[in-house]
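**Q** okay, structure incoming, though there's no sequence with it:
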């Protein structure tokens, strides 16, 4: 059975154990990220120069202060998946990204899903779907009116699905809103009340 829990300071050790361990066992070149990429303003931070230690420290600080959000999937008491889902204003890497809806002031009520990570040994078992459902519910509970994501359409490996598979979003009622012409699309869904 899968249990989903929101990231919180008391779950920081579980998050770190997952990221330090199995999370990137099949994609070690991304292990340095600790899911910090979208929280950083890339106009200010030289992302390519960041180290794993710096990102791990940033993740710890953000988790402790509630400035990093997402959901952890557990099986038998162990983290087997992660979904980075947060109100868009927390995700500074998207500050220059044109809004998908008008008026732009609605961005404050928009949640964005930027990353999925499922342990290689646990893929294909519905964990990403459970994480997506929890993310949408959690963002709705925070007062978000919409949720958006930016999946890739040209996939060469499982790592390319780190934004979440397009078919997962479409099956959950998201609609395609924009094709960026670079192998990625933006999808969105009204969260309703």
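**A** Alright, I've got the coordinates. Given the structure is predicted, the values throughout are model-derived calculations rather than measurements. Residues are numbered from 1 along each chain as shown.
**Q** in this protein, which spans are strands?
**A** Across the chain, reading from the start of the chain, the strands by DSSP state E fall at 2-6, 71-75, 78-87, 110-118, 146-149, 175-179, 185-190.
**Q** low-confidence stretches in this structure?
**A** Counting by pLDDT under 70, the low-confidence segments of the chain come to 101-104, 156, 159, 193.
**Q** surely residue 41 and residue 93 touch.
**A** Yes: with contacts defined as Cβ atoms under 8 Å, residue 41 counts as touching residue 93 at a distance of 6.9 Å. Bear in mind the C-beta positions are built from the backbone N, C-alpha and C, glycine included.
**Q** which of those two has more neighbours?
**A** The residue with more neighbours, out of residue 41 and residue 93, is residue 93; 17 against 13, by other Cβ atoms under 10 Å.
**Q** the more buried one and residue 47: what is the separation?
**A** With the distance defined as Cβ to Cβ, to the nearest Å, residue 93 ends up 8 Å from residue 47.
**Q** any shared contact partners between these two?
**A** Residues within reach of residue 93 and of residue 47 at once, by Cβ atoms under 8 Å, 6 or more residues apart in numbering, are 37, 40.
**Q** related to what we said a few turns ago, including mean neighbour count and distance to residue 15, could the strands of the chain go into TSV?
**A** Formatted as TSV, the strands of the chain follow (neighbours: other Cβ atoms under 10 Å; distance: least, Cβ to Cβ, whole Å):
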stretch	mean neighbour count	distance to residue 15
strand 2-6	16	10
strand 71-75	21	6
strand 78-87	23	7
strand 110-118	24	11
strand 146-149	24	21
strand 175-179	12	30
strand 185-190	18	26
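**Q** make TSV out of those and add distance to residue 28.
**A** Compiled in TSV, these are given as follows (distance: least, Cβ to Cβ, whole Å):
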stretch	distance to residue 28
strand 2-6	25
strand 71-75	21
strand 78-87	17
strand 110-118	13
strand 146-149	25
strand 175-179	31
strand 185-190	28
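**Q** out of the ones you listed, nearest to residue 23?
**A** Smallest distance to residue 23 across the strands of the chain (Cβ to Cβ): 5.4 Å, for strand 110-118.
**Q** now do that closest one: which elements does it pack against?
**A** In this structure, strand 110-118 makes packing contacts with strand 78-87, helix 127-141, strand 146-149, judged by 3 or more Cβ pairs under 8 Å, 6 or more residues apart in numbering; DSSP states H and E.
**Q** next, format the ones you listed as TSV and append distance to residue 70.
**A** Converted to TSV, these look like this (distance: least, Cβ to Cβ, whole Å):
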stretch	distance to residue 70
strand 78-87	4
helix 127-141	8
strand 146-149	13
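**Q** got the buried residues for stretch 38-50?
**A** Buried residues in stretch 38-50, defined by neighbour count with 16 or more other Cβ atoms under 10 Å: 38, 39, 40, 45, 50.
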